[in-house]
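A.B. asks: with the sequence up front, the predicted model follows.
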Amino acid sequence: MNFLQIIYYATAMFVVGSLGEKCSDDCSCKWKNGKQTVECTDRSLTTIPGWIDSETQVLDMSGNKIKVLPKYIFKRLGLTNLQRLYLRGCHIDRIDSEALAGLTNLVELDLSNNLLTSIPNTSFADTQFLRDLILSHNPIQKVPANALKYTPNLVKLDISNCKINEVDSKAFEGLGLLESLKLNNNKLVNLHPSMFESLEKLTSIALHENPWKCDCHLRDIKIWLLKRNIPTLVAPACRGGPDQLLDKMFSELSVDDFACRPVLLVVTRYAEATIGENASIVCRVSAVPPAQIKWYWNGRMLANHSAFSSFQKILIFEEGQSRKKSTLVLTNAQESDSSEFYCVAENRAGSVEANFTLHVSLRTAGMSTLGSGQIAGISAALVVLILFILLIILVLFIRLRRMPLKEIKSSGGAQDGVAAGNGVVEGGGSSSRRKTDNDEATSFATFAEAKPPASLNLNYVQKPYAFSEDDYTFARYTESHAASGPGPCYSSTTSLMLVENPDLIRDTRRGSADETKPFTPGGYSIEVKNNKLLYSNCIWESKEEIPVGGYVVKDMQSAMTASVDAAQVASSVPPGAKQIRVWQKGVPVLPPVSALKRVLGSTRSSPDEGYQEGTGTDV
């Protein structure tokens, strides 16, 4: 024995002696496997003792009654050198997120047989070098995504004998160094195959004692186990799924045994065809593994390219795998082929069938090709459209009913107003004459409140003045003077030829607009009828054979008697005058018929005098 060995043993005896002095009677302090170890198991302790040496590397507190690990408990006691910590069966139900702060050297942690309901993820923030984590026998029900993101160096994970019924597909994200995983004795039915994608170094897995449902949802797990050739400590067994797989071990089953019964995706079970054309029936099936689809008619299986009759043939077309579409085509369909056809889909999990009715007729009904949903949609759209139209009609009707009718004003003064192109021409007359004209004009006004459209650009003609015949008027009237000059007379066109026929109210023969001249006062005739003086020459003719114009005549007041109250408003020829019309607070209307008869019925000083009037030309 050399000198160095003597020094080593002497130092070890000194350390053991010092540990014995500091160690409590309830605990055991010793060197074990080259580590300074303190064991305080089954001592009914409720907290971590404060006398434990700070150089302690292994601490075993199993079997005590430590219900809560408070904040900074190990850092406050100076136990930052711990490498292994055992807290089995301590009734722990809560671990503070900062309870393990400072344990940067911790490589093994045992929290089994406690009352934890979830994985204390945030509590492992300072234990990034943790390699072995045991959480078995805790009432943990779910392993969420990134549940162990703070332990990237984890090599062994034991979450067996819990109550886990769900494991997120990203639960083990970031555990690229994990080699052993224990999930046995839980309540797992199936697993997401993607949850193992990040476990590249996994070499051992325990999945037994779970109620596995061996159907298509577990198919990918079986494929993964075979592909990675990962051994299981105990082979898991099927506790659910198809009856023929119950209690069978995974190792006894092939991949295709993990199957789901086919599901029919039927849109309609009614098909139509026209006589002489091909009839088609479509059967859609979803199944894993893919199902085999067979067609039957009257108990007879129909094969592809087989003869249905002497002049008919059966064709079968298939598309897809897990979602398969099979189409049966019957060529040259006849009315006698109207019957039931059966589609049967089958795989290892079982079979399912559906019947389809084929109807062959001379002509297919148009609406039968539409589904009930389409018919309902079209009907609803028509109803909405009808209601919308009725609503618009109702709104328009209400608005028209609410539009107030303007009262037609009847002039009570001694003047008659006739709308001209730029104003109103006033003329004198008796009150009875004005009343008659107003009544007649009112009877022709059908729309009292309407306004003339701007596009019409209508101009209107003045009517000749009439004076009451009384003694004063004739007493002052002389042959050398005209009683009144005519008002401006307008034609139905911008330029007219000489009016030769006085019976025509409008003449469309064109003349030169440049040759129009104002009328002179000479040569006008006066006519007395019904105590009224009518001057018709201003409208119908001109002795100088000048085209009818619209210019204002010269002032005639010097030739009139003082008792005659005649006024004349000058106006220029309105551009584009088209019709002889009177405006009566509404749309353009014709002059009163009685007024026209009075003018046309007067004695004419023309060669056509005595001409018998017939039906008048419409103005």
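C.D. replies: Arrived safely.
A.B. asks: tell me the domain boundaries of the chain?
C.D. replies: Here the domain parsing of the chain from automatic domain parsing is 19-259, 261-371, 413-610.
A.B. asks: quick one: mean pLDDT for the longest one?
C.D. replies: Throughout domain 19-259, pLDDT has a mean value of 92.
A.B. asks: try the last one
C.D. replies: Throughout domain 413-610, pLDDT has a mean value of 46.
A.B. asks: what about the residue lying closest to Thr117 once chain neighbours are set aside, how many neighbours?
C.D. replies: Leaving aside its chain neighbours, Thr117 sits nearest to Pro139 (5.4 Å; criterion: CB to CB, 6 or more residues apart in numbering). Just so you know, the C-beta spots here come from the backbone N, C-alpha and C atoms, and that holds for glycine as well. Neighbourhood size, Pro139 [other CB atoms under 10 Å]: 13.
A.B. asks: is it true that Pro139 touches Ile159?
C.D. replies: No: counting by CB atoms under 8 Å, Ile159 is not a contact partner of Pro139; they are 11.7 Å apart.
A.B. asks: now the helix ranked longest in the chain: buried residues?
C.D. replies: Ranked by residue count, the top helix of the chain under DSSP state H comes out as helix 372-402. Of the residues in helix 372-402, none count as buried by neighbour count, 16 or more other CB atoms under 10 Å.
A.B. asks: likewise stretch 164-176?
C.D. replies: Neighbour counts over stretch 164-176 (16+ other CB under 10 Å) mark 164, 166-168, 170-175 as buried.
A.B. asks: which elements pack onto the lengthiest strand in the chain?
C.D. replies: Longest strand in the chain, counting residues (DSSP state E): strand 350-361. Other elements packing on strand 350-361 under the criterion 3 or more CB pairs under 8 Å, 6 or more residues apart in numbering; DSSP states H and E are strand 260-264, strand 270-274, strand 279-288, strand 340-347.
A.B. asks: can we see that at 10 Å?
C.D. replies: strand 260-264, strand 270-274, strand 279-288, strand 292-297, strand 323-330, strand 340-347 (3 or more CB pairs under 10 Å, 6 or more residues apart in numbering; DSSP states H and E).
A.B. asks: can you say which of the ones you listed is packed in most?
C.D. replies: The highest mean neighbour count among those, using mean count of other CB atoms under 10 Å, belongs to strand 279-288: a mean of 21.
A.B. asks: ok, it: who's next to it in the sheet?
C.D. replies: Partners of strand 279-288 in the sheet, by DSSP bridges, are strand 260-264 (antiparallel), strand 323-330 (antiparallel).
A.B. asks: any chance of those in a markdown table, with distance to Glu98 too?
C.D. replies: Listed next are the strands paired with strand 279-288 as a markdown table, based on distance: least, CB to CB, whole Å:
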| stretch | distance to Glu98 |
| --- | --- |
| strand 260-264 | 48 |
| strand 323-330 | 52 |
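A.B. asks: and the ones you listed: which comes nearest Leu133?
C.D. replies: strand 260-264 (35.7 Å; CB to CB).
A.B. asks: the inter-axis angle of that closest one versus strand 340-347?
C.D. replies: With axes from the mean of the first three to the mean of the last three CA atoms, to 10 degrees as the basis, strand 260-264 and strand 340-347 are set at 150 degrees to each other.
A.B. asks: which ones are touching Thr331?
C.D. replies: 276-279, 308-309, 311-315 (CB atoms under 10 Å, 6 or more residues apart in numbering).
A.B. asks: out of those, which is nearest to Arg323?
C.D. replies: Looking across those and measuring by CB to CB, the closest to Arg323 is Leu315, at 21.2 Å.
A.B. asks: and that closest one, how far is that from Val282?
C.D. replies: 13 Å (CB to CB, to the nearest Å).
A.B. asks: shared neighbours, these two?
C.D. replies: Residues touching both Leu315 and Val282 (CB under 10 Å, 6+ apart): 327-329.
A.B. asks: ok, so of the residues you listed, who is nearest Cys260?
C.D. replies: Nearest to Cys260 among the shared contacts of Leu315 and Val282 is Thr327, at 23.2 Å by CB to CB.
A.B. asks: right, and that closest one touches Ile314 too?
C.D. replies: No: Thr327 is beyond contact range of Ile314, at 11.3 Å (criterion: CB atoms under 10 Å).
A.B. asks: between these two, which contacts overlap?
C.D. replies: Common contacts of Thr327 and Ile314, defined by CB under 10 Å, 6+ apart, comprise Trp295.
A.B. asks: which of the helices or strands spans the residue nearest to Thr117?
C.D. replies: Assigned by DSSP states H and E, Pro139 belongs to no helix or strand.
A.B. asks: tell me the phi and psi of it?
C.D. replies: phi -80, psi 50 (degrees, to the nearest 10).
A.B. asks: hang on, it packs against Asn114?
C.D. replies: Yes: between Pro139 and Asn114 there is a contact at 9.1 Å, judged by CB under 10 Å.
A.B. asks: who touches both of those two?
C.D. replies: Joint contacts of Pro139 and Asn114 (CB under 10 Å, 6+ apart) are Asp93.
A.B. asks: any weak-confidence spans in the stretch 301-450 of the chain?
C.D. replies: 363-372, 405-450 (pLDDT under 70).
A.B. asks: what do you get if the cut-off is 50, keeping everything else the same?
C.D. replies: Applying pLDDT under 50 to the stretch 301-450 of the chain flags the ranges 364-365, 368, 407-450.
A.B. asks: distance check, Leu233 against Cys27.
C.D. replies: Distance from Leu233 to Cys27, by CB to CB: 35 Å.
A.B. asks: hang on, I meant Gly50
C.D. replies: Where Cys27 is concerned, Gly50 sits at a distance of 12 Å (CB to CB).
A.B. asks: nearest spatial neighbour of Gly89, chain-adjacent residues omitted?
C.D. replies: In space, Gly89 is closest to Asn113, 4.2 Å off (CB to CB, 6+ apart).
A.B. asks: list the residues that contact the residue lying closest to Lys213 once chain neighbours are set aside.
C.D. replies: Excluding the flanking residues, the one nearest Lys213 by CB to CB, 6+ apart is Gly240, at 3.6 Å. Contacts of Gly240 were listed using CB under 10 Å, 6+ apart, and they are 189-190, 211-215, 218, 246.
A.B. asks: same thing but 7 Å
C.D. replies: Residues in contact with Gly240 (CB atoms under 7 Å, 6 or more residues apart in numbering) are 189, 211-213.
A.B. asks: filter these to the buried ones?
C.D. replies: The neighbour-count test (16+ other CB under 10 Å) marks 189, 212-213 as buried among those.
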